[in-house]
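Novice: Here is a sequence together with a model predicted from it:
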Amino acid sequence: MKKISLIVVAAIMAMSAMAQETVKKVRVYEGGTLVYEQNYDAVDSVVFADIITTPANPNSHAKAFTINSNGDQVFFSQGNLRYQASTNTWRFAENQYDAIGSANSNAAADYDGWIDLFGWGTSGYDNTAIDPFAVNYQPWATSNSQLNQTKTIKGTEIESINCEMQAITGKCDTTWTGGGTYKSDDYNYYGYGPSTYMTDKDLTGTSANYDWGVFNAISNGGAQAGLWRTLTYDEWNYILTGRNLAQYLRSQATVCGVHGYVLLPDDFTLPEGSSFDYQTDNWATNTYDSQAWSAMEAVGAVFLPAAGYRNGTDVYGVGSYGYYWSVSYRSQYLAYYLYFFSNDAYMSNSNRCYGRSVRLVRDVSE
């Protein structure tokens, strides 16, 4: 920790051809350099305090991943994003291989445990005043949320929408100003993330606050909103297939008994005594205990646990499948995500209401 010397100068002689005056000053020196000076009478008090800051990226071993042909790069966070409803706290998992699993079935507004499977765009950002269809914005929102309300939308051809939905699969009666009623049976037609009512349908631009990392302060990730973000479809895909030697920098693996997917940074050197086989078709070829994984992690390896997914309050596929949201929109009820299982990994899309994992990144330029 840097030491700052504060010296209160009792008498400083200021000489001029016209007069001689005694002026009391407060001066602060850092490393012998004057960094602050003020008249003594203008200083109310002097306080000595230790200021503790949390690093923006708690993953001290983070290495850069190129995300597009322009050469832009990101760091991955130290683990998957988690949320505790009872304290309204967001944090990163302590270890990259940590996943909550079946306990996500407890997701609720008053749940005092942690969850890590979220519906698309459920950052907690309430934008219903502008986007009246984005009603399931809370992190604990489930696909069986009840929605019984009438929304009046001004400035468009829609006059009102009356939704009575269970499992977001029921019917929405939409009345048009020109007369007539349209009844929608589409699965999750409204509810999660920005709707077509918004200019920006991805979790970007005017809809950026739907992104978990943009809207929320991550308690062990800088504790300040706007430090983190979620990758786009194109960025995830570029990491998988577009960057130099991409095919050699990823594979299925098992870390500390947890199945998942390893992504290696652009500038990767295999640690002495370690092994890595790229794009295997099983969980067993790349197997690491805590010591072996520490060596891989120290040179920037990222691990995404196969945390499964949540549909309503039912959790499926833990240990067999991984689903990681992007910010990218597919349709009113679909969004893109990274998908992997024991012998493949690629980008896919599905219903926004399904709870999936979120791994945030920080732009290297920041």
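Specialist: Alright, I've got the coordinates. Everything numeric here is computed off the predicted structure, so don't read it as measured data.

Novice: tell me the domain ranges of this structure?
Specialist: As assigned by automatic domain parsing, the chain contains the domains 4-42, 58-124+202-366.

Novice: Pipe those domains into JSON lines and attach mean neighbour count and mean pLDDT per row.
Specialist: Any C-beta I mention is one placed from the backbone N, CA and C, and that applies to glycine too. Shown next, in JSON lines, are the domains of the chain (neighbours: other CB atoms under 10 Å; pLDDT from 0 to 100):
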{"stretch": "domain 4-42", "mean neighbour count": "11", "mean pLDDT": "57"}
{"stretch": "domain 58-124+202-366", "mean neighbour count": "19", "mean pLDDT": "96"}
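
Novice: Who's the closest spatial neighbour of residue 313, skipping the chain neighbours?
Specialist: residue 105 (4.7 Å; CB to CB, 6 or more residues apart in numbering).

Novice: quick one: contacts for that neighbour?
Specialist: The contact partners of residue 105, by CB atoms under 8 Å, 6 or more residues apart in numbering, come to 310, 313, 314, 315.

Novice: Also residue 211?
Specialist: For residue 211, the contacting residues are 121, 123, 203, 204, 229, 230, 327, taking CB under 8 Å, 6+ apart as the criterion.

Novice: got the contact list for the last one?
Specialist: Residues touching residue 327, when contacts are defined by CB under 8 Å, 6+ apart, comprise 202, 203, 204, 211, 229, 230, 231, 232.

Novice: Show me the helices in this protein, by range?
Specialist: With DSSP state H as the definition, the chain shows helices at residue ranges 212-215, 233-237, 290-298.

Novice: Just the residues contacting the second one, thanks.
Specialist: Translated: helix 233-237. Outside of helix 233-237, the residues that reach it under the criterion CB under 8 Å, 6+ apart are 67, 68, 74, 324, 326, 328, 336, 338, 347.

Novice: Out of the contacts of residue 105, which sit inside strands?
Specialist: The members of the contacts of residue 105 that map onto strands under DSSP state E are 310, 314, 315.

Novice: so how far is residue 106 from the second one?
Specialist: In this case it means residue 314. Remark: distance between residue 314 and residue 106 (CB to CB, to the nearest Å) = 12 Å.

Novice: Repeat that for the first one.
Specialist: Separation of residue 310 from residue 106 (CB to CB): 10 Å.

Novice: How are the strands of the stretch 1-150 of the chain distributed by residue range?
Specialist: According to DSSP state E, counting those that start in this stretch, the stretch 1-150 of the chain carries its strands in the segments 4-15, 20-30, 33-39, 65-66, 73-76, 81-84, 89-92, 147-152.

Novice: whoops, the stretch 251-366 of the chain was the one
Specialist: If DSSP E, counting those that start in this stretch is used as the criterion, the strands of the stretch 251-366 of the chain fall at 258-263, 287-288, 302-305, 309-311, 314-316, 322-331, 334-341, 344-351, 361-363.

Novice: any chance of those in TSV, plus distance to residue 95?
Specialist: Compiled in TSV, the strands of the stretch 251-366 of the chain are given as follows (distance: least, CB to CB, whole Å):
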stretch	distance to residue 95
strand 258-263	9
strand 287-288	12
strand 302-305	9
strand 309-311	21
strand 314-316	20
strand 322-331	16
strand 334-341	19
strand 344-351	21
strand 361-363	18
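
Novice: right, and those - which one's nearest residue 278?
Specialist: In this view, the strands of the stretch 251-366 of the chain are compared for proximity to residue 278 by CB to CB, and strand 258-263 is the closest at 9.3 Å.

Novice: what are the pairing partners of that closest one, and which direction each?
Specialist: Strand 258-263 has its sheet partners listed here by DSSP bridges as strand 250-255 (antiparallel), strand 302-305 (antiparallel).

Novice: export the first one as PDB, just CAs?
Specialist: Read that as strand 250-255. Provided in PDB are the C-alpha atoms of strand 250-255 (Å, rounded to 0.1, in the frame of the first residue of the first chain):
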ATOM      1  CA  ARG A 250     -11.500 -25.800 -26.700                       C
ATOM      2  CA  SER A 251     -12.800 -29.200 -25.600                       C
ATOM      3  CA  GLN A 252     -15.000 -31.200 -23.200                       C
ATOM      4  CA  ALA A 253     -13.400 -31.800 -19.800                       C
ATOM      5  CA  THR A 254     -14.000 -32.900 -16.200                       C
ATOM      6  CA  VAL A 255     -12.700 -30.500 -13.500                       C
END
